[in-house]
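Undergrad: one predicted model, sequence on top.
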Amino acid sequence: MIDLAAIVSQVRQGMIPAHVYADPEIFAAERDRLFARSWTFLAHESEIPDPGDYVVRRVLADSFIVARDEAGVVRVMFNMCLHRGMQVCRAELGNASHFRCPYHAWTYRNDGRLAGLPFHEEAYGGEDGFARAGQSLLPAPSMGIHNGLIFISLDPDAPSLAGYLGDFAFYLDFYTRQGPAGLELRGPQRWRIKANWKIGAENFAGDSYHTPHTHASVVDIGLFREPKASKRKEGALYQAGPGAGTTYKLPPGGGFADQLRYVGYPDAMIPGMAAAWSDRQRALVADSGFMPSAATLFPNLSFVHNWPQIDADGTVAPFISLRQWQPVSERETEVLSWFAVDAAAPEDFKRRSYTAYLMCFGSSGMFEQDDVENWVSITDMAAGSMARRLTLNSRMGLTSEGKPVKPPLATFAGPGLAYQGFGEYGQRHWLGLWADCLSREAQ
Amino acid sequence: MTAGRPLPYGDPAHLAAHQFLVEEAALLDAADFAGWLGLLCEDIRYLMPVRVTTARGAGFDSLADMGHFDEDMYALRKRVQRLATDHAWTEDPPSRTRHFVTNVRTFRAEGDDLRVESALLLFRSRGDTREPSLISAGRTDLLRATADGLRLARREITVDESVLRTQNLAVFL
């Protein structure tokens, strides 16, 4: 038996018992205390643009149909037949007016309502034996949409999504609202890695320290210049609400438009960003001089925004990726990685941005390849006996008394706290949220 | 673009195409990636769409706008250059790979070009304790006849899983 309270207490000190990255008891606690209640991402509205469009996504072992019904309303339904429990929809995407269970042909409309079952009169005696009226696939206990991102919570009493996102919504816009038209998601690429789900989430929340070494090869080959340590340590690390992330310091003296041009945005897109973002959001880029890079929204949705060189002429193209660390077990994670782009962006920009994404992130990405190698190795090492005697030091940026080595940035335009220089601030923020969840009673 | 029937197995064009694929696999398994680049046309397109699970009759089973690979020569050169650095951790120590190429069918395409379909099974083993991974795929290649012999002008990889069971695609298929 693990002592969960002791583990949580150590984690709050920035000291992580190494076994939490491969422990089935921790995984069960995460399932029952964290994923049973947290808001988790399922899909983006652009993946189901038309009535009848659907995708099938999971929260751990629970499968959900995310559909746009005939009236255009987004519905999230537990994908289990009310009668004998078959998975009603076994495709992962498509367009359908109805979902018919293969077992006994119970049929549901794409809003989840039971439309019919064979021999209702003969088999059940009609409505008397089985009242069809009001029967529906179980809806997600809570659902919310922000910037087209569809989230659910398994907790019917979850706080509102907007309340949950809080100050992180400010940063979310940089990744998911680059113009009035909103985002267009493509994918996801899906693959399974033998790594604990927390490692990727923590990494994206604030690990600027790994970039210069883990990703040295992409600097070596001239794909992306920014990860050099001299550059990376100038970035601000922010934490706000349920999220945290990293930025790159932009060259001094640039205005809003110049900074966006520097990372490769065409002039045609700059008015959209200027219109979609608030004064304060624009000031983060223009006055503070920081460009958002990686981030994680607790628990398991991460974002990345980089701007590699995609051809021999030196063309720089930015890209955005959303990625989810979907837990399979304490030692395995399914990665879902989407390419995201402003829906109104020029087609040639979309093409360049997609090229940039594929070169850097996703199943074949040259950044991601080396990340996953590290995460698989950590998970392997965490599974043994000796890992139970090791606590990993995640206190970078803190003095022995727990004070920041450097004070937070005084002039940072965004909400929350931001620090400049290396430090595991974002990871500790994420781990603090994890500790809060594991301290709750199981659902 | 393609004649309907594959060339007979004894046809010299089929034999040349088959040999090309086997020699290519030998280069990849020997980790001679620079040598492998030498088999590609400068205008190569190297594609691997994301496969998806759809209902029979949906009319598609891969994503039209998202791949695992969608590469030109610049991108492939960068990948090869990266593997040659001292910092490509995911392949250091390197994977042991074996590309099994079979079910080769050759069709005449435009001019002297050949369209070649093949089945590929990639076995990949990393380290001493990890489970190996397998990637099964079909490939449709366009081989161009050049003064230096056949060269790969286009490859489309149809992977047989919607969720890959390998930690990354730091490999070529």
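TA: Done, it's in.
Undergrad: farthest from the middle of chain A: give me that residue.
TA: The C-alpha centroid of chain A is most remote from A:Glu122, which lies 48.8 Å away (CA atoms, centre = their mean).
Undergrad: ugh, typo on my part, it should be chain B
TA: Relative to the C-alpha centroid of chain B, counting by CA atoms, centre = their mean, B:Gly57 is the outermost residue, at 27.9 Å.
Undergrad: local confidence estimate at it?
TA: For B:Gly57, the pLDDT comes out at 91.
Undergrad: ditto for the one 4 residues further on
TA: Here, the pLDDT recorded for B:Asp61 equals 97.
Undergrad: please see if the helix of greatest length in chain B touches chain A.
TA: Criterion DSSP state H: the longest helix present in chain B is helix B:12-29. No: Helix B:12-29 stays clear of chain A (CB under 8 Å from any CB of the partner chain), getting no nearer than 15.1 Å. Every residue, glycine included, has its C-beta placed from N, CA and C.
Undergrad: immediately after that helix, which helix or strand?
TA: With elements assigned by DSSP states H and E, the helix or strand that comes after helix B:12-29 is helix B:33-37.
Undergrad: mind checking the SS state of the closest residue to chain B within the stretch 51-200 of chain A?
TA: Among all residues of the stretch 51-200 of chain A, A:Trp191 sits closest to chain B, at 3.8 Å; criterion: CB to the nearest CB. Following DSSP: H, G, I helix; E, B strand; the rest coil, the label given to A:Trp191 is strand.
Undergrad: number of residues surrounding it?
TA: 25 (other CB atoms under 10 Å in any protein chain shown).
Undergrad: residues contacting the closest residue to it other than its chain neighbours?
TA: Excluding its sequence neighbours, the residue lying closest to A:Trp191 (CB to CB, 6 or more residues apart in numbering or on different chains) is B:Leu164, at 3.8 Å. By CB atoms under 8 Å, 6 or more residues apart in numbering or on different chains, the contact set of B:Leu164 is A:189-192, A:363, B:68, B:135.
Undergrad: so how far is the longest helix of chain B from its chain's centroid?
TA: Here the centre of mass of C-alpha atoms in helix B:12-29, compared against the chain's by CA atoms, centre = their mean, to the nearest Å, lies 12 Å away.
Undergrad: contacts only, for A:Gly134.
TA: So A:Gly134 contacts nothing (CB under 8 Å, 6+ apart).
Undergrad: let's see it at 10 Å
TA: A:113-114 (CB atoms under 10 Å, 6 or more residues apart in numbering or on different chains).
Undergrad: wait, a helix at it?
TA: No: under the criterion used here (three-state DSSP), A:Gly134 is coil, not part of a helix.
Undergrad: what's the pLDDT at it?
TA: For A:Gly134, pLDDT reads 92.
Undergrad: check the one 5 residues further on too.
TA: According to the per-residue confidence, A:Pro139 scores 98 in pLDDT.
Undergrad: dump the contacts of B:Leu164 into a markdown table; add distance to A:Gln420 and pLDDT as well.
TA: Output for the contacts of B:Leu164, formatted as a markdown table (distance: CB to CB, whole Å; pLDDT from 0 to 100):
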| residue | distance to A:Gln420 | pLDDT |
| --- | --- | --- |
| A:Gln189 | 33 | 98 |
| A:Arg190 | 36 | 98 |
| A:Trp191 | 35 | 98 |
| A:Arg192 | 37 | 98 |
| A:Ser363 | 33 | 97 |
| B:His68 | 37 | 98 |
| B:Ile135 | 43 | 98 |
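Undergrad: quick one: which of those is most hemmed in?
TA: Going by other CB under 10 Å, A:Gln189 tops the contacts of B:Leu164 with 30 neighbours.
Undergrad: hey, what's that residue bridged with?
TA: A:Ser337 (DSSP bridges).
Undergrad: which strand or helix spans A:Glu373?
TA: helix A:366-382.
Undergrad: buried residues in that helix?
TA: By 16 or more other CB atoms under 10 Å in any protein chain shown, the buried positions in helix A:366-382 come out as A:366-380, A:382.
Undergrad: report the contact partners of the residue farthest from the centre of chain B.
TA: A:Gly94.
Undergrad: just give me the closest of the buried residues of helix A:366-382 to B:Leu39.
TA: A:Met366 (21.5 Å; CB to CB).
Undergrad: isn't that closest one up against B:Ala75?
TA: Yes: here A:Met366 lies in contact with B:Ala75, judged by CB atoms under 10 Å, at a distance of 9.3 Å.
Undergrad: neighbours of residue 15, how many?
TA: You didn't pick a chain, so chain A it is. Around A:Met15 there are 14 residues (other CB under 10 Å).
Undergrad: chain B was what I was after
TA: 14.
Undergrad: would you point out the helix or strand in chain A whose mean pLDDT is lowest?
TA: None of the helices or strands of chain A scores lower by mean pLDDT, DSSP states H and E than helix A:229-232, at a mean of 80.
Undergrad: distance between that helix and the chain's centre?
TA: The answer for helix A:229-232 is 25 Å, by CA atoms, centre = their mean.
Undergrad: swap in stretch A:32-42?
TA: 13 Å.
Undergrad: the residue nearest to A:Arg192 when sequence neighbours are not counted: what secondary structure?
TA: Once flanking residues are discounted, A:Arg192 sits nearest to A:Glu334: 5.1 Å by CB to CB, 6+ apart. Of the three states, A:Glu334 takes strand according to three-state DSSP.
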